[in-house]
Structures are given as structure tokens and as C-alpha cells.
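Colleague: A predicted structure for the sequence below; I have some questions about it.
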Amino acid sequence: MKSFAFVLLLTMSVDALAQTTAHPTNSKQTTAYVGTYTHGDSSSRGVYAISMNDSGLQGSPELVAELENASFVALHPSRPLLYAVSEIGASAPDSIGIVAYSIDADGKLTKLNERSTRGGAACHVTVDPTGRCVGVANYTGGSCILYPILEDGSLGKAGAFVQHVGHSGVNAARQEAPHAHSINFNQDGTQAFVADLGKDQILLYDVDPTAGSMKPSEQAFLQLPPGGGPRHFSFHPGFEIAFANLELTSQVVLLHYDREQRTLQLAEVLDTIPEGAKGKGNGTAECLVHPSGKFLYVSNRGHNSIAAFSVDAAAKTFRSLGNTPSQGEIPRGFGMNADGRWLVLGNQKTGNVVAMSIDQETGKLTPLGKEIPLDAAVNVRFYSN
């Protein structure tokens, strides 16, 4: 899976950081937490913080927690807590796969505890919307795991571990085995959705978020287009539609979600790159719905762009708005702040973090301020306190 050796994660907070460091001030700037890959040629060492305001990204990244291959982070919806995976190949019972941190008053992270994810290459972590449990997807391990969140914010013992079996084999190089690539939750945390690139499926699980346990839903999976390789998954704020990007075919699918029946249905499939760019080594990475629900964005590695789509939630349809250059090479993950004014992305190969303003009426992206150098830029998430 992770053929690209870099990662970045950003998270926005309300109480800000200083202009030249990531220390908070009273100026109501935004704080970004950045996770990075630390292997290969990367000089990064773990989770960083960057500040941002209306002018764009400010200052330089500050290391706030050392962690090997901190490729994805997630934030608690209501408490100053951050969870980061350590994406390494080991899958022994005592190997570290996820670490829980508290966010200190100065913006730095204090380690609470760590847990094994029981599968190689923990690549994605999510906190359920109620803040009661944490889910992790293991890419090489082809598995997923849940943990209850304890009173102090640390992770309890795993309440559930599910090993995926089978594979589609359509893409012989990438779909030779199950590869769980992301895990996400419905509106109340009682159902989880795991995108498995190797199986060409989204697997559905009924969840007890307090216990951190899960079992297959009545609809155990949704089959997606053969060879597509589903990677990430994003619900619309109304939780009646969702989207998943297909990494291997540079497409994104619209899904209809029945909240009462707890089922997913495949609706539309659109391309994320122009027709003339197909067959040139592109692979999609992140897929996120704008906080307003009006737009969808998907990052393209190779085409080096962010694809934008207009979403009609009432009609349950969407349409392409075109592509915006990512201002670097191999854009991986990105995020949008809570009010949807900014999109911040990491370009993995060129090691730069870029901010863009979002037109609230058209969805158009416009570069904002200066870019920030940081090795292994990959993923972006926003946090407010």
C-alpha cells in the first residue's frame, strides 16, 4: 500500500499559536497538528504543529510528539485528545500501532498510552462522533480494530478485532490480499464502514461504541466497481449520502445511505481527473465533504491536483467542478477547517504544506499565503477546542 514514503496530518484549533512558533497566543489563530512519515529520506520525526490565520500558514512546524511513521491522526470531537497511528510493518501482539495523547495548554502533546493494532501498517484512525471509541484500519494486515476511550482519554483494551479474508485480484499487484484502508462511523457511532482496497468492498459493522465492540451488519458489505480499490470514505453532514474514492481507477463513487435500514447502495461513479490524464500513473488519496455539504474534494497523486465536485444532497447527485493544481507533487491527505473557509493539504513528494481558501458559493480553491516546508507531508485534520 503505502508506496509513498511520507505523511502529513493537520488539525485546526481555535486558540492559536504564535506567529513564528506553534505556541498558543490570545490572537485566535488556528493550530494545525501534523503527522509525518519518518522512514526513508524523510527528516521528520513525528507529530508537528503549525499555526494559521486568515493570511495563511504561519511560521515553522514545531515537533510536539516523536512517533515513528505517524501517518494518520484523529481528534476527539469534544475533548483535547489526539490519537495517532504508527504505520509500521510489525503486527506482533506487543507492537505499537496506535498512541493516545492529551493536548496540553501549550499545544504540545502528552502521551497517555499505546496499544497494538494486531495488524501490519496501521494506516487510518477515526474517533466515533460521540467520542466513545476509536477505530483503526490495518492496511497490510487487512484488518480493523476498535478500542473504548477511557475516562482519562487513554485507550482501553480492544473490544473487537476483525480479520478480513479474500480479495478481488483484479489488480494483481495491489489486490492480492485484503487491505483495509480506512474506517469511519455513522452519525451516532453505532455503525462502522471499512473501505477495503484489496476486496473492492466497503464492509459494514454494527458497533457498541461504549464497549468498542463490533459485528457484521445485516448488510455485511457493499461491492464496488471491480479493480477500483476503495480507499477513503466520507459522509455528507446529513448522513443520507456518502462518498468513497477509488484509488486504482481515479474515480469517486456516490453512495446512498438508509439510516433506518442501515444499508449502503451504489449510485453514481465519476472521474477525478480529465479524460486525457488517464493512464498516466494517477492514484486518488483523500476524499472529504465540505462542512456545508455543498462540495466534495478528492486529491489526485500523479495528476497533482484536487478535484472538486458540487453536491446536491436533496437530489442525491453530484457533478464535477474541475481540478485545481496542488502546488506540489503527490498531494496526499488534506483537511478543511470547521467553517469550511480553508483547505490545507500536504504534498508528499515535494514536502510542502499548502493552504487554499474555499469560495463558499462556488467551491473554487485559491492558494492562500506562503507554503510551509515539511518532509513527508500527507494528511490534514482540523480540531477546535
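Modeller: Nice, I can see it. Bear in mind the structure is a predicted one, so any value in this text is a computation, not a measurement.
Colleague: Am I right that residue 228 sits in a strand?
Modeller: No: counting by DSSP: H, G, I helix; E, B strand; the rest coil, residue 228 falls outside a strand, being coil.
Colleague: Report how many residues lie close to it.
Modeller: Close neighbours of residue 228, defined as other Cβ atoms under 10 Å, add up to 25. Heads up, the C-betas are built off the backbone N, CA and C, glycines and all.
Colleague: before we move on, what about residue 328?
Modeller: By the criterion of other Cβ under 10 Å, residue 328 has 19 neighbours.
Colleague: in terms of contact, does it touch residue 367 like I think?
Modeller: No: counting by Cβ atoms under 8 Å, residue 328 does not reach residue 367; the two are 10.9 Å apart.
Colleague: that's a strand at residue 51, yeah?
Modeller: Yes: under three-state DSSP, residue 51 falls within a strand.
Colleague: So it is in contact with residue 58, correct?
Modeller: Yes: between residue 51 and residue 58 there is a contact under Cβ under 8 Å: 4.4 Å.
Colleague: Look at those two and report which has more neighbours.
Modeller: Neighbours were counted for residue 51 and for residue 58 using other Cβ under 10 Å; residue 51 has more, 29 against 23.
Colleague: quick revisit: any shared contact partners between residue 328 and residue 367?
Modeller: residue 354 (Cβ atoms under 8 Å, 6 or more residues apart in numbering).
Colleague: Direction included, what does the helix or strand of the chain with the lowest mean pLDDT pair up with?
Modeller: The weakest-scoring helix or strand in the chain, judged by mean pLDDT, DSSP states H and E, is strand 30-35 (a mean of 81). Its sheet considered, strand 30-35 pairs with strand 46-53 (antiparallel) by DSSP bridges.
Colleague: just checking, next helix/strand downstream of the strand it pairs with?
Modeller: Of the helices and strands lying after strand 46-53 in sequence (DSSP states H and E), the nearest is strand 56-66.
Colleague: that older thread, pull out the CA atoms of the least confident helix or strand of the chain and give them to me as PDB.
Modeller: The C-alpha coordinates for strand 30-35 follow below in PDB (Å, rounded to 0.1, in the frame of the first residue of the first chain):
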ATOM      1  CA  THR A  30      -5.600  28.300  14.200                       C
ATOM      2  CA  THR A  31      -3.400  25.400  15.300                       C
ATOM      3  CA  ALA A  32      -2.500  22.600  12.900                       C
ATOM      4  CA  TYR A  33      -1.300  19.200  14.100                       C
ATOM      5  CA  VAL A  34       0.900  17.500  11.500                       C
ATOM      6  CA  GLY A  35       1.700  13.800  11.400                       C
END
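Colleague: That's all I had, so thanks and see you.
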